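**Student:** Need the 3D shape of this:
(2 chains)
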Amino acid sequence: MESKELIESGLLELHAAGALEGNDLLLVEQMIQTDAEVAAAYKNICESLEIYSSLHAVSPSDTLKEKILNEIFSNQKNIIPIQRGGSIAFWQYAAAAAVVLFVLSSFAAFYFAGKYYSAGEQLATAEKHFESLNNQMSLVLNDQKKLREEMDMINGMNTMKVKLNGTDQHPGMEVLVYYDLDSKHIMLDSGNLPALPDSLQYQLWAIAGSNVSDAGAFSSHYASSESSVERKIYFLKSATTAEMFAITIEKFGGSPTPHTDKMVAVGKIKI
Amino acid sequence: MEKKLSEEKLIELLRKGDQSAFTYLYNNYSSTLYGVLLKIISDEEIAADVLQESMVKIWKNFTMYDSTKGRLFTWMINIARNMAIDKMRSKFYKQSSKTLNIEKSVSWVDRNKQTEFRPEHIGLRQLVEKMKPELREILDLVYFNGFTQAETAVALDIPLGTVKTRMRAAINQLRQLV
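**Tutor:** All right, here's what the predicted structure looks like:
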């Protein structure tokens, strides 16, 4: 459409009054933007409508003016710092956010550090507990092994149970010796033998006729640290032959020959 | 007495969010906007609300004003006018059926024409006395009641082409008389 044609069409007037739609609206808007003559004509139309509008003017009350300007400027106060001091506001917000994050992360760090140390302590406790259980288990297994050996010895088909009774100097003493006739192994239950000074030990002797052989030295009581149960059972040296057993008090570690004057108990194998 | 500001200077200050420039804008243009609103909405309370909404919109959306597309005053009047027309149409729709009924629209327009004449409208009264009734009718129907070209043709029972020529004649006569 030519400029002149558009100017005379009435479309500019309708557009100025806001009555155009669709293609007409697009065409007119484009012509106003691109055609100076059309733009000038449109401007004149708008001015006429402005004057027509102003003929209808009615002053709003001062109350209304105050209300409106307050509404606008009070909102403005909230907006201005962001719009005008954008970068400052941004850094202020960023700084505030950083402080908040720092505080939060510090709390989190303390919290998790606490958790970490607590977990470490718990782990250490658990490890100690496990170690303790492990030790106890070892002791139990060890005891069980000893008990089984003792049971095997006691229940052996050819094991002789020999009771040794106290001599006149040591009345009331009772000691048990288990002797396996096949393996020749000896096990001793020290019974009610009292404890000796550290420098002395009891020594068992296997006697067959005039032959006296050393069957091993032992203390009166088992060292409790090696077992969870205090025991007084000793596996001693094997004896190739034995008809009877005797116990004497000797120096620590035993003597090559017995001091018969220090005999504590004696017992004969009863087949 | 406020110093007179050029439109260019006013626009420049408003773009920067200058509060005194907006107060100047209000002092110089609010009465026209309010008058236009009262022409469209007879209820003063609703018109006052719409004036406030319009002013807030003008202030908040000032960066959207494009001086190459039209004059500042026209832009402002159009904002207020469109808000008022939207308000009346939605109100009108609520009061009547949900669909646009031209006959009812026209009867609503007729009711609104009975807006009281105010003493300050001497200039308007003189204009109305001199302007051809059919030209003022089409001008008010389009400008104040927001009728589109097609709606105006139906409402006045005239061809689309006649709407255009009559609208052009109305503005031409307006230009001669004011």
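**Student:** Mind picking out the helix or strand in the chain with the poorest mean pLDDT?
**Tutor:** Picked chain A for this. Ranked by mean pLDDT, DSSP states H and E, the weakest helix or strand in chain A is helix A:62-84, scoring a mean of 72.
**Student:** wait, I meant chain B there
**Tutor:** For chain B, counting by mean pLDDT, DSSP H and E, that's helix B:102-112 with a mean of 47.
**Student:** ok, now how distant is B:Asn28 from B:Glu7?
**Tutor:** Look at B:Asn28 and B:Glu7: by C-beta to C-beta, to the nearest Å, they are 11 Å apart. To be clear about C-beta, it is placed using only N, CA and C from the backbone, and glycine gets the same treatment.
**Student:** between those two, who's got more neighbours?
**Tutor:** Between B:Asn28 and B:Glu7, counted using other C-beta atoms under 10 Å in any protein chain shown, the more crowded position is B:Asn28 (14 against 11).
**Student:** Quick check: which element contains the more buried one?
**Tutor:** In this assignment (DSSP states H and E), B:Asn28 forms part of helix B:19-40.
**Student:** Show me what counts as buried in that helix.
**Tutor:** Neighbour counts over helix B:19-40 (16 or more other C-beta atoms under 10 Å in any protein chain shown) mark B:19, B:21-22, B:24-26, B:29-40 as buried.
**Student:** Within reach of chain A, which of the residues you listed are there?
**Tutor:** B:Gln19, B:Phe22, B:Tyr26, B:Ser30, B:Ser31, B:Thr32, B:Tyr34, B:Gly35, B:Val36, B:Leu38, B:Lys39 (C-beta under 8 Å from any C-beta of the partner chain).
**Student:** ranges for the strands of the stretch 151-271 of chain A?
**Tutor:** Remark: strands assigned in the stretch 151-271 of chain A by DSSP state E, counting those that start in this stretch are A:159-166, A:174-180, A:186-189, A:200-208, A:211-218, A:233-236, A:244-251, A:263-268.
**Student:** worst average pLDDT in these?
**Tutor:** Here the lowest mean pLDDT among the strands of the stretch 151-271 of chain A goes to strand A:233-236, at a mean of 86.
**Student:** Could you name the helices and strands sitting against that strand?
**Tutor:** On a contact count with 3 or more C-beta pairs under 8 Å, 6 or more residues apart in numbering or on different chains; DSSP states H and E, strand A:233-236 meets helix A:86-155, strand A:186-189, strand A:211-218.
**Student:** Could you report the neighbour count for A:Met160?
**Tutor:** For A:Met160, using other C-beta under 10 Å, the count is 14.
**Student:** Tell me how far the closest residue to it other than its chain neighbours lies from A:Ala217.
**Tutor:** Once flanking residues are discounted, A:Met160 sits nearest to A:Tyr179: 4.7 Å by C-beta to C-beta, 6 or more residues apart in numbering or on different chains. A:Tyr179 sits 17 Å away from A:Ala217, going by C-beta to C-beta.
**Student:** Those two: which has the busier surroundings?
**Tutor:** More neighbours surround A:Tyr179 than the other of A:Tyr179 and A:Ala217, with 24 against 20 (other C-beta under 10 Å).
**Student:** for that one, what are its contacts?
**Tutor:** With contact taken as C-beta atoms under 8 Å, 6 or more residues apart in numbering or on different chains, A:Tyr179 is in contact with A:Thr159, A:Met160, A:Val162, A:His185, A:Ile186, A:Ala239, A:Ala242, A:Phe245, A:Ile269.
**Student:** Closest residue of chain B to chain A?
**Tutor:** B:Lys164 (3.1 Å; C-beta to the nearest C-beta).
**Student:** Helix, strand, or coil at that residue?
**Tutor:** Three-state assignment for B:Lys164 (DSSP: H, G, I helix; E, B strand; the rest coil): helix.
**Student:** and the helix or strand harbouring B:Glu134, does that touch chain A?
**Tutor:** Per DSSP H and E: B:Glu134 is located in helix B:133-143. Yes: using C-beta under 8 Å from any C-beta, helix B:133-143 comes into contact with chain A via B:Leu139, B:Val142, B:Tyr143.
**Student:** which secondary structure elements does that helix contact?
**Tutor:** The contact analysis (3+ C-beta pairs under 8 Å, 6+ apart) places helix B:133-143 against helix A:36-54, helix B:149-156, helix B:160-177.
**Student:** now the first one, how far from the chain's geometric center?
**Tutor:** On the basis of C-alpha atoms, centre = their mean, to the nearest Å, the separation between the geometric centre of helix A:36-54 and that of its chain is 82 Å.
**Student:** ok, longest helix in chain B?
**Tutor:** helix B:72-95 (DSSP state H).
**Student:** so where's the stretch 1-150 of chain A uncertain?
**Tutor:** For the stretch 1-150 of chain A, the stretches flagged by pLDDT under 70 are A:75-88.
**Student:** Check it for the residue nearest chain B and tell me.
**Tutor:** A:Gly10 (3.1 Å).
**Student:** What score does the closest residue in space to A:Leu55 that isn't next to it in sequence have for pLDDT?
**Tutor:** Excluding its sequence neighbours, the residue lying closest to A:Leu55 (C-beta to C-beta, 6+ apart) is B:Leu124, at 4.0 Å. Note for B:Leu124: predicted pLDDT of 79.
**Student:** Which strand residues bridge A:Lys161?
**Tutor:** A:Tyr178 (DSSP bridges).
**Student:** Surely it is in contact with A:Leu176?
**Tutor:** Yes: using C-beta atoms under 8 Å, A:Lys161 makes contact with A:Leu176 at a distance of 6.5 Å.
**Student:** Go ahead and confirm B:Gln19 touches A:Phe73.
**Tutor:** Yes: counting by C-beta under 8 Å, A:Phe73 is a contact partner of B:Gln19 at 5.7 Å.
**Student:** I am finished for the moment; much appreciated.
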